[in-house]
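Enquirer: 3D model of this:
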Amino acid sequence: MGYAESALALERKFCRFEDGIDVSGDCEISGYASVFGASDQSGDVVQKGAYERSLKAMAQDGRRVKMLWQHDPAKPIGVWQVVREDTKGLFVKGRILADVQAGSEALSLVKAGAIEGLSIGYRTVRSEKSSKGNRLLCELDLWEVSLVTFPMLPEARIGAGAKGDETLAEELVTALAAAKARLSG
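Expert: Reported below is the predicted structural model:
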């Protein structure tokens, strides 16, 4: 299948929870569903800005990215309250609905560490081939972010430190404190 033909098909990309799972409260999760510039196991690389148009269109239409269980459209398990691009990738924050049977099961599996992945469901709007043969995903029509068993992109995760731009600010404060300590000592 060529790149032009793939624009018609719904695609999915899997991501792995790496450093533990960030579950706050009883049902809230957050992390990265996609990381810019990282090659996944199929050689695709999402480019910064790839989700921008899709997220704007959804917001204007009053629609949300869906939270599904294992990409099954018959099994919504919660709501994504925040879906945004930042400097690292596609940051998501949402709430698993424990009152829904599949949501309750998913929450138990996430808390136990049995489920370690996120996966995006999307259509490719525009892609290019890199000089290394990778497919560069330049514009995507994002449909859903699922909790899944088998992730595709190891760098994307839900877990400790996955707080979006706040993480960058914390890293900067730490680096400045270390520099000050070196100058003082």
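Enquirer: contacting residues for A50?
Expert: Residues near A50 by CB atoms under 8 Å, 6 or more residues apart in numbering: F36, E85, L137, C138, E139, L140. For the C-beta atoms, the positions are set from N, CA and C on the backbone; glycine is no exception.
Enquirer: residue contacts, the residue nearest to the second one when sequence neighbours are not counted?
Expert: Just to be clear, that refers to E85. Once flanking residues are discounted, E85 sits nearest to Y51: 5.4 Å by CB to CB, 6 or more residues apart in numbering. By CB under 8 Å, 6+ apart, Y51 lies in contact with S34, E85, L90, L140, L142.
Enquirer: 6 Å instead, please
Expert: E85, L90, L140, L142 (CB atoms under 6 Å, 6 or more residues apart in numbering).
Enquirer: how about a markdown table for those, with secondary structure and neighbour count added?
Expert: Below are the contacts of Y51 laid out as a markdown table (DSSP: H, G, I helix; E, B strand; the rest coil; neighbours: other CB atoms under 10 Å):
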| residue | secondary structure | neighbour count |
| --- | --- | --- |
| E85 | strand | 18 |
| L90 | strand | 26 |
| L140 | strand | 25 |
| L142 | strand | 22 |
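Enquirer: I'd like the distance between the closest residue to S42 other than its chain neighbours and G121.
Expert: Counting by CB to CB, 6+ apart, S42 lies nearest to M152, which is 6.9 Å off, once chain neighbours are set aside. From M152 over to G121 the distance is 12 Å, taken as CB to CB, to the nearest Å.
Enquirer: And Q70, by the same measure?
Expert: The gap separating Q70 from G121 is 11 Å, by CB to CB.
Enquirer: what about stretch 44-55, start to end distance?
Expert: With CA to CA, to the nearest Å as the measure, stretch 44-55 spans 20 Å from end to end.
Enquirer: Return the distance of that stretch from the chain's centre.
Expert: 11 Å (CA atoms, centre = their mean, to the nearest Å).
Enquirer: State the mean pLDDT of it.
Expert: For stretch 44-55, the mean per-residue pLDDT is 97.
Enquirer: Perfect, that will be all.
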